[in-house]
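K.L.:
Sequence first, predicted coordinates after that:
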Amino acid sequence: MNPAWTSTLGWQTDEITGKTSEWLEHPEDQAKTRSEINHLASGGITPNFENRLRCADGTYKWLSWTAVPDGDLIYAVARDVTAAKEQAETLRQAEEQLRQSQKLEAVGKLTGGVAHDFNNLLQVIGGNLQLLSKDMVVHEKAQQRLQNALAGVTRGSKLASQLLAFGRRQALEPKVVNLGRLIRSFDDMLRRAIGEGIEIETVVSGGLWNTLVDPSQVENALLNLAINARDAMEGHGKLTIEAGNASLDDAYAARHADVAAGQYVMLAVTDTGSGMTPEIIEQAFEPFFTTKAAGKGTGLGLSMVWGLVKQSEGHIKIYSEPGEGTTIRIYLPRSRQQEDLAVDMDTGPVVGGTETVLVVEDDEEVRATVVELLTDLGYKVLRATDAQTGLAVIDSGVPIDLLFTDVVMPGPLRSPELARKAKERLPHIAVLFTSGYTDNAIVHGGRLDEGIELLSKPYTREALARKVRYVLGNRQSAQPAPSPPPPTASAETVATASLTSPLRILLVEDEPLILMSTTDMLETLGHMVFEATSAEEALSVLEQEDVDVLMTDHGLPGMSGADLAVACRRRQPELAIVFSSGMIGIPQIDGHQLISDAVLLGKPYEQAGLATALAQFRRK
């Protein structure tokens, strides 16, 4: 025994003399070492054979052997290659993490695009089902079917949310929370979810640190882990939930390239179930991977937990053996800030209001649904198809209390820029974003930008009502009391003025209900109305009748309202023009107003607004 044995492995001569090589070998290497020795005994040589030998401190080192046989003896030279093996393993882990990261990036982009369109579809379906439910309140069987359909919308929404979570593309709203309090407040729901056959033990260490995380997403993650544990225990066993402080040192960080050394809050979920093999552990976080029977799980639960932890700059680790149960530990970075107070909007009353809301949404069906939902809640609603159009509505001077805009919009003007410009023009306007997928417009570092309010699609009528009232309430509490408006002429005064000089009005509107109600209001004011549902029909009427005013919507089937106005002015240069729409202001071409003396009447309007708009032509 030469000094290298002691310097490399730590053994003294008297500790190792008389021992067999098997006494030193790593159990996993013994079989291949015996095979290599048999190879030498048969006359072969060993140019480069690697195995692990035990050190005096109980650890193992990798040795690379070169050996030749000589009768009953083996002449061998060994090199310590432990550092090289560790470097190679670190490189392998880094390559694996890069591969995983690239895969996640690709899946994330796919899920983001799919979730946006999917959630828009769910919003249309869910919104209309809720509106239909009000009309079918007396039909018990129809109500049950509607509730079943709405349950399907909820399941679809959860699926899209899990996909976004795995792709690390959900909009987190992190708060400084104490996980101990969060776990205790969630205890009753957990017990209902996993059943009475499973004992639950909660262990929270004293002096638990705070962490910065989205509390609702942590609850979802905890629920997913508990349900997985319940299934692994087949409904009977013990579930232990622990929360404690943890410090991950440099040595741990070196072995796990995805984690930085530092202080963390540890959340562990342990079950007494069937456990996992190493092969299953390796795939456990993959989306759609599941060991459950068909129809028993989506394979997205652990994927969602993994995505949340990574997006929260944390670390997750599985410890499990077949038949020995499973422990999943989550490490979330420590926060030194004070715990945030919880604000629960889900328990507030479902009420509407009378404020004016500008809805900016490019999807026609989603826009129609949300406009009807808001109108049903009592709000006055203006509409725009993109951010540029929304800005035109704001520039028209129509009073607006809330900008409700989708995040992902077509066109050169992005929604956050629209919100900024809206605040410049109307300092007291409230802003509420909505989206099925936020991209990076209002989310940075996986977290919702400070001061941003978001209502994720698909949302229910109740969620919409509560969120709108919450955002409007915050705006009103933050702004000074408004000064009283200057006195204006009453609707009756304006109406009386109109009656003294009736107008011949060509009304062009493709919505039958709006056409009928506007005609009634105009005739009540004493005017004569000629109706048309398209620009082409309006031109035909103009050839047969003398009119004083063209009142037209912007968006018409076929020729647009703007083109109609131009065509009418060519035939009758003195014709007064009223553009009536909830979508945009007076049409512009190359930044210049198409018809500078036109009057804009924003929808929805009342009889007094109609009279005021028409009275402007009398003053001219």
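P.N.:
Here it is on my side, so go on.

K.L.:
Please compute how far stretch 302-320 lies from its chain's middle.
P.N.:
17 Å (CA atoms, centre = their mean, to the nearest Å).

K.L.:
typed the wrong thing, it's stretch 600-619
P.N.:
Distance of stretch 600-619 from the chain centroid (CA atoms, centre = their mean) equals 42 Å.

K.L.:
average model confidence for that stretch?
P.N.:
Summarised as a single mean, pLDDT over stretch 600-619 is 71.

K.L.:
Give me the buried positions along it.
P.N.:
Buried residues in stretch 600-619, defined by neighbour count with 16 or more other CB atoms under 10 Å: 600-603, 605, 607-615, 617. All C-beta spots, glycine's among them, are computed from the backbone N, C-alpha and C.

K.L.:
In contact with residue 204, which residues are there?
P.N.:
With contact taken as CB atoms under 8 Å, 6 or more residues apart in numbering, residue 204 is in contact with 179, 180, 183, 184, 242, 243, 244.

K.L.:
ah, wrong one, I meant residue 578
P.N.:
Residue 578 touches 549, 550, 551, 552, 598, 599, 600, 601, 613, 614, counting by CB under 8 Å, 6+ apart.

K.L.:
Are we agreed that it is in a strand?
P.N.:
Yes: under DSSP: H, G, I helix; E, B strand; the rest coil, residue 578 sits within a strand.

K.L.:
could you say which helix or strand contains residue 383?
P.N.:
Per DSSP states H and E, residue 383 falls inside strand 380-384.

K.L.:
what's the next secondary structure element after that strand?
P.N.:
helix 387-395.

K.L.:
quick one: that next one to strand 380-384, angle?
P.N.:
140 degrees (axes from the mean of the first three to the mean of the last three CA atoms, to 10 degrees).

K.L.:
now what about helix 387-395, what contacts it?
P.N.:
Defining contact as CB under 8 Å, 6+ apart, one finds that helix 387-395 is touched by 358, 360, 382, 384, 400, 403, 405, 409, 411-415, 417-418, 421-422, 425-426, 582-585, 588, 602.

K.L.:
Kindly export the strand holding residue 383 (C-alpha atoms) in PDB.
P.N.:
Taking C-alpha atoms only, strand 380-384 is exported to PDB below (Å, rounded to 0.1, in the frame of the first residue of the first chain):
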ATOM      1  CA  LYS A 380     -73.300  52.800 -20.800                       C
ATOM      2  CA  VAL A 381     -71.000  51.000 -23.200                       C
ATOM      3  CA  LEU A 382     -68.900  52.400 -26.100                       C
ATOM      4  CA  ARG A 383     -67.000  50.000 -28.400                       C
ATOM      5  CA  ALA A 384     -63.800  49.900 -30.300                       C
END
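
K.L.:
Reformat the contacts of residue 578 into CSV and put secondary structure next to each item.
P.N.:
Listed next are the contacts of residue 578 as CSV, based on three-state DSSP:
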residue, secondary structure
549, strand
550, strand
551, strand
552, strand
598, coil
599, strand
600, strand
601, strand
613, helix
614, helix
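
K.L.:
Distance to residue 540 added to these, as TSV?
P.N.:
Formatted as TSV, the contacts of residue 578 follow (distance: CB to CB, whole Å):
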residue	distance to residue 540
549	17
550	13
551	17
552	14
598	22
599	24
600	26
601	24
613	25
614	24
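
K.L.:
between these, which is closest to residue 253?
P.N.:
residue 600 (62.0 Å; CB to CB).

K.L.:
Would you check that the closest one makes contact with residue 579?
P.N.:
Yes: the pair residue 600 / residue 579 is scored as a contact, 5.3 Å apart, by CB atoms under 8 Å.

K.L.:
Given the strand holding residue 383, what are its sheet partners and their directions?
P.N.:
strand 356-360 (parallel) (DSSP bridges).

K.L.:
buried residues in the partner strand?
P.N.:
Across strand 356-360, burial judged by 16+ other CB under 10 Å covers 356, 357, 358, 359, 360.

K.L.:
Where does the prediction get shaky in the stretch 501-620 of the chain?
P.N.:
Along the stretch 501-620 of the chain, segments meeting pLDDT under 70 span 501, 513, 581-596, 603-606, 618-620.

K.L.:
Can you lay out the buried residues of strand 356-360 as TSV showing pLDDT and distance to residue 318?
P.N.:
Shown next, in TSV, are those (pLDDT from 0 to 100; distance: CB to CB, whole Å):
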residue	pLDDT	distance to residue 318
356	92	53
357	93	47
358	94	49
359	93	45
360	92	44
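
K.L.:
Roughly how far does residue 384 sit from residue 367?
P.N.:
Distance, residue 384 to residue 367, by CB to CB, to the nearest Å: 9 Å.

K.L.:
where exactly do the strands run in the stretch 101-250 of the chain?
P.N.:
175-177, 198-204, 210-213, 237-248 (DSSP state E, counting those that start in this stretch).

K.L.:
meant to ask about the stretch 501-620 of the chain, not that
P.N.:
504-508, 528-532, 549-552, 576-581, 588-589, 592-593, 599-602.

K.L.:
Now render those as TSV, adding distance to residue 468.
P.N.:
Output for the strands of the stretch 501-620 of the chain, formatted as TSV (distance: least, CB to CB, whole Å):
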stretch	distance to residue 468
strand 504-508	32
strand 528-532	35
strand 549-552	31
strand 576-581	23
strand 588-589	30
strand 592-593	33
strand 599-602	19
